[in-house]
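*Asks:* the sequence isn't on hand, but the structure is:
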């Protein structure tokens, strides 16, 4: 029994790859959020050194291709004495990548909260941390949801760069299958379709959120 | 830590890195140039075209923007080869990059075209310009000026994305690095050097587009940030 010239086992293999793509994307997003949120807050702090330090980190990550970050994590962690599976190296690289972009997105959201809100919070005698968590962040979250969902699409697509360090996500499994079956159009069409099935709903959702936000 | 860093490979393999850099720059320049032209044409078609044309361009944009560049490159490169069409890795890379960056450019320029005030088109009509003249001389330049920062960011991402073309055997910078790494076993050091080169290239790209902006947008009527 075959489907488009592929056996059920081969199809299962490629679906497994899609599963790892989702896992890697989630790891990148969670890790990126954990670092990206404090970075976004630090980016608007009054401390000049902190601001410039974080800006430097963001420019560094955004100026290097993700495949190179993948390689650096992969080789860097092995010379630091950890023998790590490709998943860990890929997850660390995705974390670094996502944190830089999420920090910029969220900084934009924080900055688009009107300044009067900060002042009003201060008048209510809230401490700086309380001002941020009780007044500013809830409003910034509302603004940031649409671009964040949009960035999820980038995360899923760019997780495909883990192919360079041999992590068995969707692109890598598709390539392995192509090497053994040599049906590139079928296999890479299936892979593209799976990516599309993950990304397109997110794109549509992001677009809808954006429209809703514009209407207010 | 007992690991000794060793950058001595630079002495022997610098020509390889230079050749890789040249290829990276070549890929970037060609794909940005043709991607911009193609994307502009698609954006005009998306705004002014008939219903069928608009739908086709819309599908193209959605399809490309929701699948990874690597898969697009594999599909084209391995797919073409399986059909007996040998166009070579370099041109397969260029075609993939142009199709890819074209889709993003379409969306960006479309947003610019849609934000042009109606008065501009009406004024152009009053001057008895033809439809294509209005689009080419009035709408497109203003649209590009309006969305210039977004375009530049996209082109820098494009330059960085050429690094994946080593996967289809184009020996650009990342490919050259992989080759050196497999001969010297100095993976970390090689990629540190390459990362620095990419940083310099990003900075150069940004500077170059600032210079282009200064030459191209002399009148600055829009006062949008560049």
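*Replies:* Ah, there it is. This is a predicted model, so every value here is computed, not measured.
*Asks:* who in chain B is up against chain A?
*Replies:* B:1, B:3, B:62-63, B:65-72, B:74-75, B:78-79, B:81-82, B:160-161, B:163-164, B:167, B:174, B:177, B:181, B:187-188, B:191-192, B:194-195, B:198-199, B:202-203 (C-beta under 8 Å from any C-beta of the partner chain). To be clear about C-beta, it is placed using only N, CA and C from the backbone, and glycine gets the same treatment.
*Asks:* list the buried residues in the one helix or strand in chain A whose mean pLDDT sits lowest.
*Replies:* When the helices and strands of chain A are scored by mean pLDDT, DSSP states H and E, helix A:128-130 comes last with a mean of 90. Using 16 or more other C-beta atoms under 10 Å in any protein chain shown as the test for burial, helix A:128-130 gives no buried residues.
*Asks:* can you identify the element that follows it toward the C-terminus?
*Replies:* helix A:137-158 (DSSP states H and E).
*Asks:* other SSEs contacting that next one?
*Replies:* Applying 3 or more C-beta pairs under 8 Å, 6 or more residues apart in numbering or on different chains; DSSP states H and E, we find helix A:137-158 packed against helix A:8-43, helix A:86-111, helix A:184-215.
*Asks:* let me know which of those is tucked in deepest.
*Replies:* Burial of the helices and strands packed on helix A:137-158 is given as mean neighbour count (mean count of other C-beta atoms under 10 Å in any protein chain shown); helix A:86-111 ranks first at a mean of 22.
*Asks:* so residue B:147 touches residue B:107, yeah?
*Replies:* No: contact criterion C-beta atoms under 8 Å: residue B:147 and residue B:107 do not qualify, at 9.6 Å.
*Asks:* the more surrounded of the two?
*Replies:* residue B:147 (22 against 19; other C-beta atoms under 10 Å in any protein chain shown).
*Asks:* give me the nearest residue to that one, chain neighbours excluded.
*Replies:* residue B:112 (3.9 Å; C-beta to C-beta, 6 or more residues apart in numbering or on different chains).
*Asks:* any idea which helix or strand comes after the helix or strand where the one you found lies?
*Replies:* Residue B:112 is part of helix B:89-114 when elements are defined by DSSP H and E. Downstream of helix B:89-114, the first helix or strand assigned by DSSP H and E is helix B:118-126.
*Asks:* check the offset of that following helix from the chain's centre.
*Replies:* Its chain's C-alpha centre and that of helix B:118-126 lie 32 Å apart, by C-alpha atoms, centre = their mean, to the nearest Å.
*Asks:* now swap in stretch A:162-177 and tell me
*Replies:* 18 Å.
*Asks:* that one near chain B at all?
*Replies:* Yes: applying C-beta under 8 Å from any C-beta, one finds stretch A:162-177 in contact with chain B at A:163, A:164, A:171, A:174, A:175.
*Asks:* which two among those residues are spaced furthest apart?
*Replies:* A:164 and A:174 (14.4 Å; C-beta to C-beta).
*Asks:* more neighbours: those two, which one.
*Replies:* The neighbour comparison of residue A:164 against residue A:174 (other C-beta under 10 Å) goes to residue A:174, with 30 against 26.
*Asks:* and the more buried one, that's in a strand?
*Replies:* No: remark: residue A:174 does not belong to a strand; assigned using DSSP: H, G, I helix; E, B strand; the rest coil, it is helix.
*Asks:* low pLDDT regions in chain A?
*Replies:* Applying pLDDT under 70 to chain A flags the ranges A:1-2, A:216.
*Asks:* swap in 90 and give it another go.
*Replies:* A:1-8, A:45-46, A:77-85, A:128, A:181-182, A:212-216 (pLDDT under 90).
*Asks:* next one: chain B
*Replies:* B:1-12, B:80-88, B:118, B:120-122, B:124-126, B:128-131, B:183-187, B:216-226.
*Asks:* and residue A:6, its phi and psi?
*Replies:* phi -110, psi 140 (degrees, to the nearest 10).
*Asks:* that one: what's it in contact with?
*Replies:* When contacts are counted by C-beta atoms under 8 Å, 6 or more residues apart in numbering or on different chains, residue A:6 touches A:14, A:177, A:181, A:183, A:186, A:187, A:190.
*Asks:* chain B versus that one, what's the distance?
*Replies:* Going from residue A:6 to chain B by C-beta to the nearest C-beta, to the nearest Å gives 15 Å.
*Asks:* tell me what that residue is bridged to.
*Replies:* residue A:3 (DSSP bridges).
*Asks:* can you give me how far the helix of greatest length in chain B is from the chain middle?
*Replies:* Secondary structure of chain B per DSSP state H: the longest helix is helix B:9-48. Mean-position distance between helix B:9-48 and its chain equals 6 Å (C-alpha atoms, centre = their mean).
*Asks:* that helix: which residues count as buried?
*Replies:* B:9, B:13, B:16-17, B:20-21, B:23-25, B:27-28, B:30-32, B:34-36, B:38-47.
*Asks:* ramachandran coordinates for residue A:46?
*Replies:* Taking degrees, to the nearest 10 as the convention, residue A:46 sits at phi -80, psi -20.
*Asks:* still on that earlier bit, following the longest helix of chain B, which helix or strand comes up?
*Replies:* Downstream of helix B:9-48 (by DSSP H and E), the next one is helix B:51-65.
*Asks:* that following helix: which residues count as buried?
*Replies:* B:57, B:60, B:61, B:62, B:64, B:65.
*Asks:* wait, what's in contact with the residue nearest to residue B:164 when sequence neighbours are not counted?
*Replies:* Nearest residue to residue B:164 in three dimensions, chain neighbours excluded: residue B:70, at 5.3 Å (C-beta to C-beta, 6+ apart). The contact partners of residue B:70, by C-beta under 8 Å, 6+ apart, come to A:160, A:161, A:163, A:171, B:164, B:167.
*Asks:* at 6 Å instead, please
*Replies:* Counting by C-beta atoms under 6 Å, 6 or more residues apart in numbering or on different chains, residue B:70 touches A:160, A:163, A:171, B:164.
*Asks:* mind putting the residues you listed in TSV, neighbour count, secondary structure and distance to residue B:51 included?
*Replies:* Below are the contacts of residue B:70 laid out as TSV (neighbours: other C-beta atoms under 10 Å in any protein chain shown; DSSP: H, G, I helix; E, B strand; the rest coil; distance: C-beta to C-beta, whole Å):
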residue	neighbour count	secondary structure	distance to residue B:51
A:160	28	helix	34
A:163	25	helix	39
A:171	28	helix	35
B:164	28	helix	36
